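Visitor: Give me a 3D structure for the following:
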Amino acid sequence: VLDHPMVNAFAAPGGQIVILRGLLDEAESADEVAGVLGHEMGHVESRDPTRLAMRATGSAGIISILLGDVGGGALAVALGQQVMQATYTRAAEAEADEFAFRMLGQAGVSTAGMAAFFDRIAKDAPEMPEYLSSHPSSTGRADHARNANGTGTLTPALSDDDWAALKAVCNR
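Guide: Numbering: from 1, shown residues only. Next up, the predicted model:
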């Protein structure tokens, strides 16, 4: 857990998962954090961070060689990179969501927390045009999460005491 106010978590190359304090501050339940953590575990399982870093380095290098690094070259590289990565990363994000749904289901944890988290994202931030966005639509992701639960008894991801301890981890 990194003591930073941004509401985010990410998987880094090498399999490390970083949860930012802002996510813990904004999450309304342990099940929301469990959904995000399961999603990031899906990225690690698929080696998405490493693949994306290699892909970004390779294509950015080719573009900068072709355009040179003068004037707006860096901006052109960044914009070109965004468009080229968007489709790939949307697919990786959807696969990571599916991994999280399976993990939560195997643990007997509801995907309702994940749905609630995506609902808030959709409400709080306007969505980018799909061709520029690295993630699928938050509204669609929320609907998918709501429909991902199987049958059976579901339990919370953490006890109330453990959830309070996790939320306070950066206060120590």
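
Visitor: pLDDT at residue 100, what is it?
Guide: We have a pLDDT of 95 for residue 100.

Visitor: ok, now the one 5 residues further on?
Guide: Residue 105 carries a pLDDT score of 90 in this model.

Visitor: what about it, neighbour count?
Guide: 17 (other Cβ atoms under 10 Å). The C-beta positions use only the backbone N, C-alpha and C, and glycine is treated the same way.

Visitor: Tell me the secondary structure of it, please.
Guide: helix (DSSP: H, G, I helix; E, B strand; the rest coil).

Visitor: does it really touch residue 155, like I thought?
Guide: No - look at residue 105 against residue 155 with Cβ atoms under 8 Å: they stay out of range, at 11.9 Å.

Visitor: Tell me who's in contact with the residue lying closest to residue 157 once chain neighbours are set aside.
Guide: For residue 157, ignoring the flanking residues on the chain, the nearest one in space by Cβ to Cβ, 6 or more residues apart in numbering is residue 34 at 3.6 Å. Neighbouring residues of residue 34 by Cβ atoms under 8 Å, 6 or more residues apart in numbering: 104, 107, 109, 113, 157, 158.
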